[in-house]
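Visitor: Make a model of this:
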Amino acid sequence: LDIDHMKIAYDFEFKTSTQIDPALKQELYDIAAEWKRRHQSEQLPFLIFTKSMDFVKVYDDRSLQSTQVRLEGTAAKAFVYCNEAPKTIDQIKEHLNGQNGQGEESAEEAIRFLEEKGLVYGERGKYFNLALPHNSNL
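Guide: Numbering: from 1, shown residues only. Alright, predicted model coming up:
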């Protein structure tokens, strides 16, 4: 009998002695309930950007406070470069150096700024732009 082990469904149950803080658990439930409420209403959250010749404008309505961020220079170029696929800091530096000869430090500063604003997500040394282009042809 030839069995394809990749097609077998698994169901695991376990018990753990680790206790979850009830306040943390409630916070998670509250956030999930708010997310569900917004997705069932007219107030759909969004994070989009528009690109101009000299700047990028990011419209962020993920939280209850709608914000707009205007990115210029290195931050704008790094933000757009990380749009299609995650990039390493070395790839970002190389891209920026090819565009305007700016130093390595400015690339790291730009990524740090974008992460602080919640516009770029970094994991395992790669960075990805979280916003969707308003015009999909960008």
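Visitor: From here on, just use CA atoms for contacts and neighbour counts.
Guide: OK.
Visitor: Can you show me the strands along the chain?
Guide: 47-51, 55-60, 67-72, 87-88, 120-123, 126-129, 132-133 (DSSP state E).
Visitor: The nearest residue in space to Leu71 that is not next to it in sequence bridge partners, please.
Guide: Distances taken as C-alpha to C-alpha, 6 or more residues apart in numbering put Val56 closest to Leu71, at 5.1 Å, once the chain neighbours are dropped. Beta-bridge partners for Val56, by DSSP bridges, are Lys51, Leu71.
Visitor: Okay, now the unreliable bits of the protein?
Guide: 1, 100-105, 136-138 (pLDDT under 70).
Visitor: can you pull out the helices in the chain?
Guide: Per DSSP state H, the chain carries helices over the ranges 22-39, 73-81, 89-100, 104-116.
Visitor: Can you point out the buried residues in the third one?
Guide: Burial within helix 89-100, assessed by neighbour count using 16 or more other C-alpha atoms under 10 Å, is assigned to Ile89, Gln91, Ile92, Lys93, Glu94, His95, Leu96.
Visitor: on that earlier part again, got the contact list for the residue nearest to Leu71?
Guide: Contacts for Val56 were tallied using C-alpha atoms under 8 Å, 6 or more residues apart in numbering; they are Phe49, Thr50, Arg70, Leu71, Glu72, Ala76.
Visitor: now, among these, which is nearest to Phe12?
Guide: Using C-alpha to C-alpha, Phe49 is the member of the contacts of Val56 that sits closest to Phe12, with 42.0 Å.
Visitor: how deep is the closest one tucked in, by neighbour count?
Guide: Using other C-alpha atoms under 10 Å, Phe49 has 23 neighbouring residues.
Visitor: got TSV for the buried residues of helix 89-100, with distance to Pro133 too?
Guide: TSV is the format used below for the buried residues of helix 89-100 (distance: C-alpha to C-alpha, whole Å):
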residue	distance to Pro133
Ile89	22
Gln91	21
Ile92	19
Lys93	22
Glu94	23
His95	20
Leu96	20
